[in-house]
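S.K.: I'll drop the sequence and a predicted model, then ask my questions.
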Amino acid sequence: MQTALRIIYPAQCLTCGDIVDSEFGFCGACWRETPFITGLICDLCGTSLPGDASEQNQELHCDECMRIARPWEKGRSAMIYKDNARRFVLGLKHGDRLDFARPAANWIAAKMQGLVPANTIVAPVPMHWLRLLRRRYNQAALISGEVSKVLGLTHRPDLLIRPRATKVHQKMTADERFANLVGAIDVHPKAQDFIKGRSVLIIDDVMTSGAILAASTEAAKQAGADDVFVATLARVAKDA
């Protein structure tokens with residue numbers, strides 16, 4: 001049956017639609033245009049650092065993460081937000097490409113493998129209900145659900161809530177983004193006991209300033225969470 005379906009509906013590249021060998025993959029051209037993060041990385045956001053990966057025998061931080069306090073323990077990203085990675089993220093975020101969540105989760109899970117303890121709760125950054133109504137889905141929740149499956153961890157999509165609407169971050173400075181999120185994220189009242197003493201892995205699609213990840217981490221820790229880790233599909237870099 002699978003062979004017959006493959007003949008009728010051959011696997012296509014996720015971003016350009018060309019025929020490929022397997023589902024949920026890129027063609028050669030799109031793969032080359034997708035800046036996956038490899039080598040030496042920042043231990044707090046996962047962005048690429050100059051140097052050889054063999055040098056990473058200690059925690060290294062990028063300039064931005066040395067300048068801005070990060071309340072979480074470790075952070076990872078799968079790709080740099082540019083070129084085909086940007087097209088992929090926008091397809092998931094605004095193009096109704098819900099099928100992108102599964103490969104995104106696989107790439108993120110590969111980065112987090114062995115970093116988080118077995119009692120970790122996986123949760124997405126929250127979206128205010130009005131924005132969720134307009135968009136119809138929270139792309140971070142789609143990814144976090146798939147990440148939890150790959151890593152065999154508990155998924156709690158409603159762990160964090162956004163009780164008040166905030167301004168759109170586009171065109172805001174980093175300071176304005178952080179100020180915009182003060183008091184905007186909390187732990188769901190029904191999860192207050194559930195989170196105490198547990199580690200949490202917070203998932204988002206893109207990290208720019210890190211403001212929403214910081215607000216989410218602080219909310220989790222204030223509710224009694226132990227270590228908090230963050231992971232994103234893509235990281236906005238200075239040259240992006």
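M.R.: Happy to help now that I have it.
S.K.: okay, and for the protein, where does confidence drop off?
M.R.: 1-9, 54-56, 239-240 (pLDDT under 70).
S.K.: how about a cut-off of 50?
M.R.: For the chain, applying pLDDT under 50 flags the ranges 1-6, 240.
S.K.: Domain-wise, how is the protein divided?
M.R.: Segmentation of the chain into domains, based on automatic domain parsing, reads 1-33, 73-235.
S.K.: Just the buried positions in the first one, please.
M.R.: Residues of domain 1-33 classed as buried under the neighbour-count rule (16 or more other C-beta atoms under 10 Å) are 13-15, 20, 26-27, 30, 33. The C-beta positions use only the backbone N, C-alpha and C, and glycine is treated the same way.
S.K.: Would you state the strands of this protein in chain order?
M.R.: For the chain, the strands defined by DSSP state E cover 74-80, 121-124, 154-155, 160-161, 186-187, 200-207, 228-235.
S.K.: Who does the fifth one pair with, and is each partner parallel or antiparallel?
M.R.: Right, strand 186-187. Strand pairing for strand 186-187, determined by DSSP bridges: strand 160-161 (antiparallel).
S.K.: So what touches the strand it pairs with?
M.R.: By C-beta atoms under 8 Å, 6 or more residues apart in numbering, the list of residues contacting strand 160-161 from outside reads 123-126, 185-188, 202, 216, 219-220.
S.K.: Repeat that for stretch 35-43.
M.R.: The contact list for stretch 35-43 (C-beta under 8 Å, 6+ apart) reads 46-53, 55-56, 59-62, 65, 74-80, 82-85, 107, 111, 235.
S.K.: returning to what we had before: which among the contacts of strand 160-161 gets closest to Lys171?
M.R.: Ranked by distance to Lys171 (C-beta to C-beta), these are led by Val125 at 19.8 Å.
S.K.: Next, that closest one: phi, psi?
M.R.: Main-chain dihedrals, Val125, degrees, to the nearest 10: phi -60, psi 140.
S.K.: residues touching it, list them.
M.R.: 140, 160, 185, 202-204, 212-213, 216.
S.K.: same thing with Leu132?
M.R.: Asn138.
S.K.: Distance check, it against Arg162.
M.R.: Note on Leu132: its distance to Arg162, by C-beta to C-beta, to the nearest Å, is 9 Å.
S.K.: quick one on the thing from earlier: how about the domains of the chain in a markdown table, adding distance to Gly39?
M.R.: As requested, those are exported to a markdown table (distance: least, C-beta to C-beta, whole Å):
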| stretch | distance to Gly39 |
| --- | --- |
| domain 1-33 | 17 |
| domain 73-235 | 12 |
